[in-house]
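Q: return atomic coordinates for the entry below.
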Amino acid sequence: QPKRKAAFGSVGRRIPYRILHVINQDGESLGNMHRAEALRLMDERGLKLVLLRENVEPPVYRLMTGQQIHEEQLKRAEKKKASPKPGVVQKELTFSSAIAKNDLETKIKQIALWIEKKHHVKITIRQAK
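A: Residues are numbered from 1 along each chain as shown. Alright, predicted model coming up:
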């Protein structure tokens, strides 16, 4: 039973693959190399190995500084927040700033129902001509 992939970060010295494709901290490819050579490079440069793509042959690892790892984790967290969660429905309403009172009250009731049902509601108001 394969282990679940951990969060993006340094893999340390636990590398299950013999041959890896290594990319340096500037994004340049260093080619395929044995894991021992990759670990030696990691120690020499004072960097950390990070798994980028596991489902390719050979798997792709990148040498990164702690700062680069931290920045990448922040980017991924922002991207995850931005993407809508599965099962959450987003409703969107657009109406004019010149909307009639009765129409506005009807839309407010509809919005209240959607919020009760735990839907995300996005409201856009456009300026009347």
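Q: show me where this protein has strands.
A: 19-23, 29-34, 48-53, 60-64, 90-96, 120-126 (DSSP state E).
Q: let's have these in a markdown table, adding mean neighbour count, distance to residue 74 and mean pLDDT.
A: Bear in mind the C-beta positions are built from the backbone N, C-alpha and C, glycine included. As requested, the strands of the chain are exported to a markdown table (neighbours: other C-beta atoms under 10 Å; distance: least, C-beta to C-beta, whole Å; pLDDT from 0 to 100):
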| stretch | mean neighbour count | distance to residue 74 | mean pLDDT |
| --- | --- | --- | --- |
| strand 19-23 | 19 | 20 | 89 |
| strand 29-34 | 13 | 25 | 88 |
| strand 48-53 | 17 | 14 | 84 |
| strand 60-64 | 21 | 14 | 87 |
| strand 90-96 | 12 | 24 | 87 |
| strand 120-126 | 11 | 23 | 89 |
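Q: who is residue 92 paired with across the strands?
A: Under DSSP bridges, the beta-bridge partners of residue 92 are residue 122.
Q: spatially central residue in the chain, please.
A: Compute the mean C-alpha point of the chain, and by C-alpha atoms, centre = their mean the closest residue is residue 76, 3.1 Å away.
Q: distance of that residue from residue 87?
A: 21 Å (C-beta to C-beta, to the nearest Å).
Q: then stretch 100-107 to CSV, C-alphas only?
A: In CSV, the C-alpha atoms belonging to stretch 100-107 read as follows (Å, rounded to 0.1, in the frame of the first residue of the first chain):
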residue,chain,number,x,y,z
ALA,A,100,-36.6,48.8,-8.3
LYS,A,101,-37.3,48.3,-4.6
ASN,A,102,-39.6,45.2,-5.2
ASP,A,103,-36.9,43.5,-7.4
LEU,A,104,-34.3,44.2,-4.8
GLU,A,105,-36.4,42.7,-2.0
THR,A,106,-37.0,39.5,-4.1
LYS,A,107,-33.3,39.1,-4.8
